[in-house]
Structures are given as C-alpha cells and as structure tokens.
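Participant: Provided below are the primary sequence and the corresponding predicted coordinates.
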Amino acid sequence: MHFDILNKDKGSAARAGKLTTDHGAIETPIFMPVGTAGTVKGVHQRELKQDVKAEIILGNTYHLFLRPGMDIIEGAGGLHKFMNWDRPILTDSGGYQVYSLSGSRKITEDGVKFQSHIDGSYHYFTPERAIDIQRSIGADIIMAFDECTPYPCDYAYAKNSMGMTHRWLKRCMDQMEKTSCSYGYNQALFPIVQGSTYKDLRQESAKVISSFNAVGNAIGGLSVGEPEEDLYEMTALVTEILPKEKPRYLMGVGTPWNLLECIALGVDMFDCVMPSRNARHGLLFTSNGTINIKNKKWSTDFSAIDEHSDCYVDLNYSKAYLRHLLKSGEFLGMQIATIHNLAFYLRLMKEARARIIDGSFTSWKNTMVKQMNKRL
C-alpha cells in the first residue's frame, strides 16, 4: 500500500492524495461509511457504489468477532467475499467498543476482559488477539489495539493510558511481523495517537506513533464529548508532528463542518456513524444546513431534499414524501435518508478535493462551514 500527495492547498494544510490498496485506489480526502457488522445499515452494497459512491467502508472487529464469528468469515474467504464488497475495507480494532463498555470490562496491561452485549459471555482481547482477528477478517487497513480514554479524563489516567497504548502498539507491530493475511493480499496497520485533550500528551503520543514508521497513522480519542475547539486544537497539534507524506485518519469524526475544518488541518480520512444514525432519526445534512425532516413544516414542502441532490445521488424525492415515509415508520424512508446523508458526505469530500486542486479550498470551506452549520 502506498500514498501519493497530488496537490496541496496554499492557504491551509489541506491536501489531495491517492491511497492505493490491493482492493483499489482511494482518492483523499475521503469519508468512510461505517458498516459495523458487515453492513452499512439499510443500504445495499450496490447503492453504496452507485448512489453513495463509497470508495472504502468500515467493519468492526468487536462486533464481527461476536457475530457471525471468525469461523464463518474465514469460511467465506474473508469479509470482502462474505459481504460481496470488492473495494477496500478498514477495521477498527475494538478499542473504542472497549471504551464504550465501561460497565462490563476490565483493562490490564496484558489486555481487556469484556462481556458480550449479545449474550453476556466473557471474552478476552490482547493486542496480539486483535491483530489475529483482523488478519482473519481480511481488511485492507487494520487498526492497532488501543484504549480510548473518556472525556473528561484526568491527566494521570490519560498519561497512563497513553503509555499502555504505546506498549500495546509494539506488541501489535510484532504480531504483524509474525503473521500474514489469510487471503493472499497486503494489509496495513495504522497506529493510533491518544492523549485525551492534553497538549503535551498529544504531542508525545504523535512523536512515539511516528517513530514506528507505519504506512499510515490515526488520531483517536476525539469526538467523545469534548468541545469542537478542543477537537480542532488537538488535531492541529498532532498533524504538525505526524509524517507529512503518510495518510492521516481522524477516527469517529464528525459533522460535515468538522470534516472540512479538519481537512484544512491536514487530515485525509474520516469515519463516523453520524450521517447514517442521524438519517434513521430524520436528521438530514444538506448544502444549506441541517433538516429535521419529521418537523411538521416539511409536510407540504414538495421541493427536493437538497437543492443540489441531483448532483450527487439519484434520489429525487421531496421533503414531504420523505417525511411521510419516516412518520409512517416505512423502512424505505430510513433507506432514502441514509443514502442521502452518506452521499452528501461523499460529495462534500469530492468537492473539497476539487477545491484543493484548483486552489479555492479555503474560501469555499469558510463559506460551506457557515452554511451547513445551521438548523433549517
């Protein structure tokens, strides 16, 4: 796998690149729809390609390990074949799920014991086990096992957790050296920067992560409740240190305006459940702001969901019709809303890339952030 930077923005740290994997190339900046359990909820793989225009999607180690389990995924020939997806896949190591299971897990230096949210059974993840499972899943990009600290988090805990994440990374890298992909193609391991919202810890972690000379690097532990200004400040600190020639992945972020601001800080890759989860509840992102389509004022609005919708997805449905479907509990409503939001995110990334290339990114970004960060 390799990464080429094709253009840089003169007014910011934004860049347009190309990340090449054995399952195809990814044009950056890119947003990656979240397919936690081997599916982006409510969206066919065909629609992900044709309507959303996704170039890479996510799977989750924790969820796939519990269900359907490694025997089934291995029997299918890996996650790509199991879900009939021939483009790149990234898997989260399960570290974030460990964070979210605070009431039913125990963390030690060796690893994490946790209780399944499905049947209450107990399981144990070590850094080595997380790598082995991701080898079996077969994603193109796999993540190091880490601890995602909560927000707020006291300094001592954040520092100790960061140190353990670095030690776990060494074990992940060693396990990568000892093993190979089960399906005959290359996999790349991305380390994860931690350190909560403490400047010195973030800087230290970024330096340690950089020293491992991985193919790409991730920034974790943000978008967990901290103010937006902290998200931007920590991201800026880290991107100043991480190698410029390698892709940077900001995990779990965020709103459309978060993405644009962080692209300006030098981030290349993003994922978040927000566009799909919000869609299922009737919250839609558009070029002019956010819409709660369930509000009564849209019941007689026969205009398109987004005035630019015909530019990025063939869903020429009216606001009134989509509201009717969602209020009626029709699954089609959730499907249309999800495709709309995901397609909006991918179109936003495509336009950001074009603006970086033609030199108009900064002025366009400033205008779009103001427009999108409104409730309609």
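Facilitator: Happy to help now that I have it.

Participant: can you pull the contacts of P256?
Facilitator: Counting by Cβ atoms under 8 Å, 6 or more residues apart in numbering, P256 touches F285, F344, Y345, L348, M368, M372. (C-beta placed from N, C-alpha, C; glycine too.)

Participant: avg pLDDT for the helix or strand harbouring the second one?
Facilitator: Right, F344. Element membership of F344 [criterion: DSSP states H and E] is helix 331-358. In this model, helix 331-358 has an average pLDDT of 96.

Participant: residues of that helix that come out buried?
Facilitator: For helix 331-358, the neighbour count (16 or more other Cβ atoms under 10 Å) marks 333-353, 355-356 as buried.

Participant: got the confidence number for the residue lying closest to I241 once chain neighbours are set aside?
Facilitator: Leaving aside its sequence neighbours, I241 sits nearest to A206 (Cβ to Cβ, 6 or more residues apart in numbering; 3.8 Å). Per-residue confidence at A206 stands at 98 (pLDDT).

Participant: so A206 makes contact with M234?
Facilitator: No. Between A206 and M234 there is no contact under Cβ atoms under 8 Å: 9.8 Å.

Participant: neighbour count for those two, which is higher?
Facilitator: Neighbours per residue, other Cβ atoms under 10 Å: of A206 and M234, the larger number sits with M234, 26 against 23.

Participant: that one and R15: what is the separation?
Facilitator: 19 Å (Cβ to Cβ, to the nearest Å).

Participant: what of R105?
Facilitator: 38 Å.

Participant: more crowded one of those two?
Facilitator: R15 (23 against 17).

Participant: residues touching the residue nearest to I241, list them.
Facilitator: Per Cβ under 8 Å, 6+ apart, neighbours of A206: V193, L237, V238, I241, L242.

Participant: so which of the residues you listed wins on neighbours?
Facilitator: V193 (34 neighbours).

Participant: specify the beta-bridge partners of it.
Facilitator: Legend: beta-bridge partners of V193 under DSSP bridges are I219.

Participant: that one touches T239, doesn't it?
Facilitator: No. Between V193 and T239 there is no contact under Cβ under 8 Å: 9.8 Å.

Participant: report the set of residues contacting both of those two.
Facilitator: Joint contacts of V193 and T239 (Cβ under 8 Å, 6+ apart) are I219.

Participant: next secondary structure element downstream of the worst-scoring helix or strand of the chain on mean pLDDT?
Facilitator: When the helices and strands of the chain are scored by mean pLDDT, DSSP states H and E, helix 95-100 comes last with a mean of 70. Downstream of helix 95-100, the first helix or strand assigned by DSSP H and E is strand 105-107.
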